[in-house]
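Enquirer: coordinates only, sequence not included:
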Ligand SMILES: CCCCCCCC/C=C\CCCCCCCC(=O)N[C@@H](CO)[C@H](O)/C=C/CCCCCCCCCCCCC
Ligand SMILES: O=c1ccn([C@@H]2O[C@H](COP(=O)(O)OP(=O)(O)O[C@H]3OC[C@@H](O)[C@H](O)[C@H]3O)[C@@H](O)[C@H]2O)c(=O)[nH]1
């Protein structure tokens, strides 16, 4: 008898063998997605769209919904970028929940500057919808003129290539959604470097890899879709009962057999990045959402697929099966991973990054260590999600309640 006298030696060796097989599988699948996304980011990203299905006479109209809350120093640039797009048929639908919101002044200023652009402002949102972003967008969604709707959050900067790319990709009948992989525009400062390294490395690795093999993996930061298809599946407002409306509505379309396609242009988040803590809090919020939607994947496989954990697990497996030196394997794993992330980031960035290799390395280490912190913080209180003005309680399957003054308000 071994292992505290509970199980015999043979059972113990079976368990160890089983854990080693799992380790090989997790390592193998991770490497598979890394290779796919590396290849994908080099051949697919930043390519000009193939618009052969479009002509000047059949350019579809697009209703662009911009939910706003407060003003960031870069918000004006982001909003103006939409006014400046060279596309013949679009409307801008700005939304704010509060009539005192400072963003209203900014929208009015831009409307005066660009009187030819078709703009509407919706104030007040729609009562009864839990998700604050959907609450804010609901009136605009219901009044959208066109069949293509583009939801683009306040942190997103746009340009003509992006709108054209999304529209062209949506011309295929089996494509329901075209979404942008989250990424960041260049900004100075360590926190901005950490953000860029995460989105261009760790996230790109799975975001692109999953989409390349047609898994449903989409964030609601910037995505264009065919409104009639979503309306057949209850419409946007219905998904406002979930905090992760993006996951549930894209999954519904995906389950119906439609394709979700990644835009060739990563999303240009453009906000003032002031602290690493802000990044950490957002990642904890997202992870808590995922833990409630896919507990096994995000609670077990996801942490195991992070560089340090996977390196330790892989080194143990290599030692177990091949008698390889644990430390040499681990060192080679970390070194290769850093190189991979660096070149992956350059591909997503479409060229060199603005920070030095030493800054990259420091920020990369901080990001990897933060991933452990983020996991622990998320798992310690997986049901509580703070977003905007409220705190929410999310339960397994995504059911959401607003927590207000210690009492629960169920709006769904
Ligand atoms: C064996 C190695 C496999 C690695 C599995 C790692 C699983 C990692 C899961 C997600 C990481 C991808 C990051 C996607 C962006 C998520 C951002 C986010 O949380 N956004 C939320 C807020 O906007 C949004 O509501 C959530 C979207 C969820 C998307 C995740 C879909 C992943 C689904 C595919 C899982 C299959 C894994 C199969 C592994 C064999
Ligand atoms: O209370 C709020 C909070 C946010 N918002 C708006 O919602 C948009 C997204 O907000 P943030 O930038 O804080 O959120 P994230 O980018 O982290 O959101 C992401 O995670 C949660 C998902 O539901 C979203 O689809 C996804 O975009 C912004 O345009 C913001 O103005 C509101 O309208 N009301």
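Expert: Alright, I've got the coordinates. Every value quoted in this text rests on a predicted model; they were computed, and no experiment measured them. Ligands and ions are numbered 1, 2, ... in the order given.

Enquirer: From the structure, what's the count of residues near residue 50?
Expert: A count of nearby residues for residue 50, using other C-beta atoms under 10 Å, gives 12. C-beta: built from backbone N, CA, C; applies to glycine.

Enquirer: Next: residue 85.
Expert: 18.

Enquirer: Distance of it relative to residue 64?
Expert: 9 Å (C-beta to C-beta, to the nearest Å).

Enquirer: Likewise for residue 32?
Expert: Residue 32 sits 36 Å away from residue 64, going by C-beta to C-beta.

Enquirer: Isn't residue 167 up against residue 61?
Expert: No. Residue 167 lies out of contact with residue 61 (C-beta atoms under 8 Å); the separation is 9.8 Å.

Enquirer: Looking at the two now, which is surrounded by more residues?
Expert: Neighbours per residue (other C-beta under 10 Å) separate residue 167 from residue 61, with residue 167 holding more: 24 against 16.

Enquirer: For ligand 2, what's the nearest residue on the stretch 151-300 of the chain?
Expert: Using C-beta to the nearest ligand atom, the closest approach of the stretch 151-300 of the chain to ligand 2 is made by residue 220 at 2.3 Å.

Enquirer: tell me the secondary structure for that residue?
Expert: coil (DSSP: H, G, I helix; E, B strand; the rest coil).

Enquirer: That one touches residue 134, doesn't it?
Expert: No. Taking contacts as C-beta under 8 Å, residue 220 lies outside contact range of residue 134: 9.1 Å.

Enquirer: the more surrounded of the two?
Expert: residue 134 (26 against 19).

Enquirer: quick one: the more buried one and residue 239 touch, right?
Expert: Yes. Shown here, residue 134 and residue 239 form a contact pair, counting by C-beta under 8 Å, at 6.6 Å.

Enquirer: which residues are common contacts for those two?
Expert: Listed contacts common to residue 134 and residue 239 are residue 245; contacts here mean C-beta atoms under 8 Å, 6 or more residues apart in numbering.

Enquirer: quick one: contacts for residue 192?
Expert: Here residue 192 is in contact with 184, 186, 273 (C-beta under 8 Å, 6+ apart).

Enquirer: mind listing which of those are in strands?
Expert: Judged by DSSP state E, the subset of these located in strands is residue 184.

Enquirer: Neighbour-wise, give me the winner out of the contacts of residue 192.
Expert: Neighbour-wise, those (other C-beta under 10 Å) top out at residue 184, 24 neighbours.
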